[in-house]
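A.B. asks: build the 3D model from these lines:
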Amino acid sequence: MSQPEASRRTGGATLQEIAYLWLEVASTHILMWIANPTGLHAFQPHVHLYLADRYGRLAVAYRHRSRFRLADRMTDKAKFHFDLGGGDEPPPAAALAMGSTQRQVVVNAEGLVDPSSQRKQKLLPFVPKKPADLLEANRE
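C.D. replies: Model (predicted):
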């Protein structure tokens, strides 16, 4: 059985994927220790949300492998880091107050179909209607 097939069967709980998740968690903790060896400074929320995601994935993987005690420990760690990362706060609504970046263009188009030719009908299903101003300007 190939790795992707085994992964699909067990819900993404192959040993290789679990080892990779542990490697990501360990490397993140090492980088956090290098950046803050004294532990006096707090990290930005996205670091904790990243760790919460990785611990959550580990919990799911261990639950699929029937390692329930270990899965519960990973779930607790995921909840801890999720709370440090901001928890269930809604995202900021700054983008709602922003104006439109492009000018809106209003188009008045009507479809004209030539019933004599099926080929034309497939290639050109509609022809845009010209505004009356342009038609009058072309006649002069």
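
A.B. asks: could you pull out the strands in the protein for me?
C.D. replies: Secondary structure of the chain (DSSP state E): strands located at 109-110, 127-128.

A.B. asks: domain parsing for the chain?
C.D. replies: According to automatic domain parsing, the chain comprises the domains 3-84, 107-139.

A.B. asks: ranking the ones you listed by mean pLDDT, which is last?
C.D. replies: Note on the domains of the chain: lowest mean pLDDT is at domain 107-139, with a mean of 58.

A.B. asks: okay, now T14: neighbour count?
C.D. replies: Neighbour count for T14, taken as other C-beta atoms under 10 Å: 20. (Glycine included, C-beta is placed from N, CA and C.)

A.B. asks: same check on the one 5 residues further on?
C.D. replies: Summarising burial for A19: neighbours were counted as other C-beta under 10 Å, giving 10.

A.B. asks: could you do I34 as well?
C.D. replies: By other C-beta under 10 Å, the burial measure for I34, its neighbour count, is 8.

A.B. asks: kindly report the same for H46.
C.D. replies: 10.

A.B. asks: same question for A61.
C.D. replies: A61: 24 neighbours (other C-beta under 10 Å).

A.B. asks: likewise for V25?
C.D. replies: 18.

A.B. asks: which residues are in contact with the residue nearest to it when sequence neighbours are not counted?
C.D. replies: Closest residue in space to V25, ignoring its immediate chain neighbours: R54 at 5.1 Å, by C-beta to C-beta, 6 or more residues apart in numbering. Residues in contact with R54 (C-beta atoms under 8 Å, 6 or more residues apart in numbering) are 21, 24-25, 28.
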